[in-house]
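# my questions concern the predicted model and sequence given below.
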Amino acid sequence: MKILIAPDKYKGSLSAIQVCDAIIKGLKTNKSKLDIISCPMADGGDGSLETINHYFNLEPVELIVNDPLFRPIKSTYYISEKTAFIEMSSASGLVLLKKEERNCMKTSSYGTGELIVDAIKNGIKNINLFIGGSATNDGGIGIASALGYHFYDSLGKSLSPIGQNLLLINSIDKSELKFDYQKVKVKVICDVNNPLYGQDGAAYIYATQKGANSSEIKQLDEGLMNLASKLQKHDFPIIDKIPGAGAAGGVGGGSIAFLGAKLISGIQNFIEITQLESLIKDSDIVITGEGRLDSQTEKGKVVSGVFSLAKKYNKPLIVVCGDKEEGISDKLGLKKVYTVLDRTNSIDEAIENAEKYLTEIGADILSNL
């Protein structure tokens, strides 16, 4: 029997590679002679580069950039020949801030722009930018500022590229631009398909977890609306309704406008990298999973991508996750779901001992084959 294991990471607990290893350990209880294929996945969120490095030997480049609050921090991107792989979370990520520091009214994607500038200086012609896990809601004006764009209010005052200033933008100057998107091609890999603004947009869906309160969310949403309007006024592309424009606090849309970028579905990108479709086609059982199964799962996450291919080839699918939203299994049509939290009442313990519980789940799966 051939079993394919293709999970995402468990955020804050285990990498996708570690999730695979733990489940495999359980499946190999009693020295079972199963043919097991490990295929760690990602969807464009933070941790994607670790997974890519599992498949490719990339060269790291380290430098000091600004963190989301404009403090110096060591960050790393990766290169392979003339292609750079940049993870937004390494410079502008939520994980870089203490809980009390999280406030996307004040944070900026500027440091991510600095990584892009350095890559261009190093002769890079193709940039793959992974934008999950951001601490920002600045519509990408931080990245743009690092590249030489300037933003001004109605009085001609220069604006710091942070979320709360989106609503004040009146004019955009690109006379000092350090970027030529005719010479540098940018792909932005994202894990969600939200529009730029509105009830399903960047601010209303994600700003709470980035420290914004209800009144700030409304202001950020209006700010993104203003940014889209001013971009159109200055002959930039129309971005507000593009699926994925709201990813990473509007960096999805901002990258289209400021970088001439192409938005790529994270899970589709990794399906191609890993040749997942052929692996599923040749397997008898497929196991996938992620940290939490919820309403966002079907919007471009790993589980939804794996599920679609398993369904296409009529392969039994088993989902192993840390936790799940009530009723989500039925909503997504998932028949067999194991959760770590079914084995403990403590979220902290589930995170700390996820490897142990996943091994137990792997053994349970084996006994039910």
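Good, I have the coordinates. These figures come from a predicted structure and were not determined experimentally.

# okay, stretch 337-351 in PDB with CA atoms only?
The C-alpha atoms that make up stretch 337-351 are tabulated as PDB, following Å, rounded to 0.1, in the frame of the first residue of the first chain:
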ATOM      1  CA  VAL A 337     -10.400  14.200  10.300                       C
ATOM      2  CA  TYR A 338      -8.000  13.600  13.300                       C
ATOM      3  CA  THR A 339      -7.100  16.500  15.600                       C
ATOM      4  CA  VAL A 340      -4.400  16.900  18.200                       C
ATOM      5  CA  LEU A 341      -6.800  18.700  20.500                       C
ATOM      6  CA  ASP A 342      -9.000  15.600  20.700                       C
ATOM      7  CA  ARG A 343      -6.100  14.200  22.800                       C
ATOM      8  CA  THR A 344      -5.600  17.000  25.200                       C
ATOM      9  CA  ASN A 345      -7.700  19.900  26.600                       C
ATOM     10  CA  SER A 346      -4.700  22.300  26.600                       C
ATOM     11  CA  ILE A 347      -3.800  24.300  23.500                       C
ATOM     12  CA  ASP A 348      -0.400  25.000  25.000                       C
ATOM     13  CA  GLU A 349       0.200  21.300  25.500                       C
ATOM     14  CA  ALA A 350      -1.100  20.500  22.000                       C
ATOM     15  CA  ILE A 351       1.500  23.000  20.600                       C
END
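
# hey, which helix or strand in this structure has the poorest pLDDT?
helix 328-332 (a mean of 86; mean pLDDT, DSSP states H and E).

# what are the buried residues along that helix?
Neighbour-count burial for helix 328-332 flags 328-329, 332 (criterion: 16 or more other Cβ atoms under 10 Å). Every C-beta, even on glycine, is put in place using the N, C-alpha and C of the backbone.

# before we move on, what about stretch 263-271?
Buried-residue list, stretch 263-271, by 16+ other Cβ under 10 Å: 263-267, 269-271.

# and the residues you listed, which is closest to Ala146?
Minimum distance to Ala146 across these is 20.0 Å, recorded for Leu263 (Cβ to Cβ).

# which SSE is the closest one in?
Using DSSP states H and E, the element containing Leu263 is strand 262-265.

# strand partners (parallel or antiparallel) of that strand?
strand 185-190 (parallel) (DSSP bridges).

# from the chain's centre, how far out does the partner strand sit?
12 Å (Cα atoms, centre = their mean, to the nearest Å).

# how about stretch 359-369?
30 Å.

# what mean pLDDT does that stretch get?
On average, the pLDDT along stretch 359-369 is 93.

# contacts for it, please.
1, 22-30, 32, 34, 285, 287, 318, 320, 338, 340, 343 (Cβ atoms under 8 Å, 6 or more residues apart in numbering).

# keep only those of these that are in helices.
The members of the contacts of stretch 359-369 that map onto helices under DSSP state H are 22-27.

# from these, which is closest to Lys178?
Ala22 (44.7 Å).

# quick check: that closest one touching Ala354?
Yes - using Cβ atoms under 8 Å, Ala22 makes contact with Ala354 at a distance of 7.4 Å.

# picking that back up, which of the contacts of stretch 359-369 are buried?
Applying 16+ other Cβ under 10 Å to these flags 22-28, 285, 287, 318, 320, 338, 340, 343 as buried.

# let me have those in a markdown table, extended by pLDDT.
Shown next, in a markdown table, are those (pLDDT from 0 to 100):
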| residue | pLDDT |
| --- | --- |
| Ala22 | 97 |
| Ile23 | 97 |
| Ile24 | 96 |
| Lys25 | 95 |
| Gly26 | 95 |
| Leu27 | 94 |
| Lys28 | 92 |
| Ile285 | 96 |
| Ile287 | 97 |
| Ile318 | 96 |
| Val320 | 97 |
| Tyr338 | 96 |
| Val340 | 95 |
| Arg343 | 94 |
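
# picking that back up, what's the spacing between the least confident helix or strand of the chain and its chain's center?
On Cα atoms, centre = their mean, the centre of helix 328-332 falls 23 Å from that of its chain.

# so what secondary structure elements neighbour it?
strand 292-293, helix 302-312 (3 or more Cβ pairs under 8 Å, 6 or more residues apart in numbering; DSSP states H and E).

# dump those to a markdown table, plus mean pLDDT.
Output for those, formatted as a markdown table (pLDDT from 0 to 100):
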| stretch | mean pLDDT |
| --- | --- |
| strand 292-293 | 92 |
| helix 302-312 | 94 |
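
# can you lay out these as JSON lines showing distance to Ile280 and mean neighbour count?
Shown next, in JSON lines, are those (distance: least, Cβ to Cβ, whole Å; neighbours: other Cβ atoms under 10 Å):
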{"stretch": "strand 292-293", "distance to Ile280": "19", "mean neighbour count": "21"}
{"stretch": "helix 302-312", "distance to Ile280": "5", "mean neighbour count": "20"}
